[in-house]
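**Student:** Fold the following and give me the result.
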Amino acid sequence: MTLLKATSLSHAFDYPLFNDISLSLNAGESIAIVGVSGSGKSTLMHILSSLLRPQKGYVELFNNNVYEMDDKHLVKLRRNDLGMIYQSHYLFKGFSAYENLEVSALLSGETIDPSLLKRLGIDHVINQKVTELSGGQQQRVSIARVMSKKPRLIFADEPTGNLDHATALEVMEIFEDYLKEHQAGMVLVTHDEVLASRCSQIYRMQDGILKLA
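**Tutor:** So this is what the prediction gives:
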């Protein structure tokens, strides 16, 4: 099943950013997008995840054209089917780590998996305020929060940027297991070539062109 299809995407700000980008992602697969800072990787991910409309081209999620959906259905799609992980945590600072997960689980109607918390190494700090946690722990909480809603498609922009290399590889293994178990997909933006090599496909953004690496 095709989860994501992008056709002839082009975008520019004060200058051309990229042109005529097409790609697709099937269930159980992952895509890595690599490239230098400022090449347009994050902008492309925002377009693929429905947060930004391109100047040309279109995006289909689960065989539905995003730009033909009304606001109600688009909000429901983002809440239930899409998971977005960023290098910045965007956690609720006044809440405990567990309360942050509860918000996500309640909105999506899912339950929190204790084994996921253990694999991420946050089970022993889950009841602490997020402001009491280290940057790496907060990042793992943000990953757990997204995965607790059990999305069909994960968009991850430098999700392991605050983690050491060994922990980053462990998180990547968790992503891989999740994709297989749930027949989900992932788009990963990363500078880490080792993490990128674990994905089904690697694309490199350079000079406004996206090519298979």
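
**Student:** Next, the residues that contact the helix ranked longest in the chain from outside, please.
**Tutor:** Scanning the chain for the helix with the most residues, using DSSP state H, yields helix 165-182. Helix 165-182 has contacts (CB atoms under 8 Å, 6 or more residues apart in numbering) with 28-30, 116, 119-121, 136, 140, 143, 147, 150, 152, 154, 156, 159-160, 163, 184-186, 188, 192, 194-195, 198. C-betas here are computed from N, CA, C, even on glycine.

**Student:** Show me how to select, in PyMOL, the buried members of those residues.
**Tutor:** The following PyMOL line selects those of the contacts of helix 165-182 that are buried, judged by 16 or more other CB atoms under 10 Å:
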select buried, resi 28+29+30+116+119+120+136+140+143+147+150+152+154+156+159+160+163+184+185+186+188+192+195+198
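
**Student:** Show me the helices in this protein, by range?
**Tutor:** 41-48, 71-80, 97-108, 114-119, 135-148, 165-182, 193-197.

**Student:** Go through those and name the closest to S8.
**Tutor:** Of all the helices of the chain, it is helix 41-48 that lies closest to S8, at 11.9 Å by CB to CB.

**Student:** Tell me how far that closest one lies from the chain's centre.
**Tutor:** 10 Å (CA atoms, centre = their mean, to the nearest Å).

**Student:** go on, stretch 26-35?
**Tutor:** 10 Å.

**Student:** quick one: average confidence on that stretch?
**Tutor:** The average pLDDT within stretch 26-35 is 97.

**Student:** Contacts for it next, please.
**Tutor:** Under the criterion CB under 8 Å, 6+ apart, residues 1-3, 23, 25, 41, 44-45, 175-176, 179-180, 183-191, 193, 195-206, 210, 213 lie in contact with stretch 26-35.

**Student:** cool, stretch 202-213 as well?
**Tutor:** Contacts for stretch 202-213 (CB under 8 Å, 6+ apart): 16-19, 21, 23, 31-36, 39-41, 44, 196, 201.

**Student:** If you go by neighbour count, which of these are buried?
**Tutor:** Buried among these (16+ other CB under 10 Å): 17-19, 21, 23, 31-35, 39-41, 44, 196.

**Student:** now, the most widely separated pair of those residues?
**Tutor:** The farthest-apart pair in the buried ones among the contacts of stretch 202-213, when distances are taken by CB to CB, is N19 and A196, at 22.6 Å.

**Student:** can you pull the contacts of G94?
**Tutor:** Contacts of G94 (CB under 8 Å, 6+ apart): K129.

**Student:** Look up phi and psi at it.
**Tutor:** phi -80, psi 0 (degrees, to the nearest 10).

**Student:** between the helices of the chain, which gets nearest to Q87?
**Tutor:** helix 135-148 (7.8 Å).

**Student:** tell me which strands and helices the closest one is in contact with?
**Tutor:** Helix 135-148 sits against strand 82-85, helix 97-108, helix 114-119, helix 165-182, with contacts defined as 3 or more CB pairs under 8 Å, 6 or more residues apart in numbering; DSSP states H and E.
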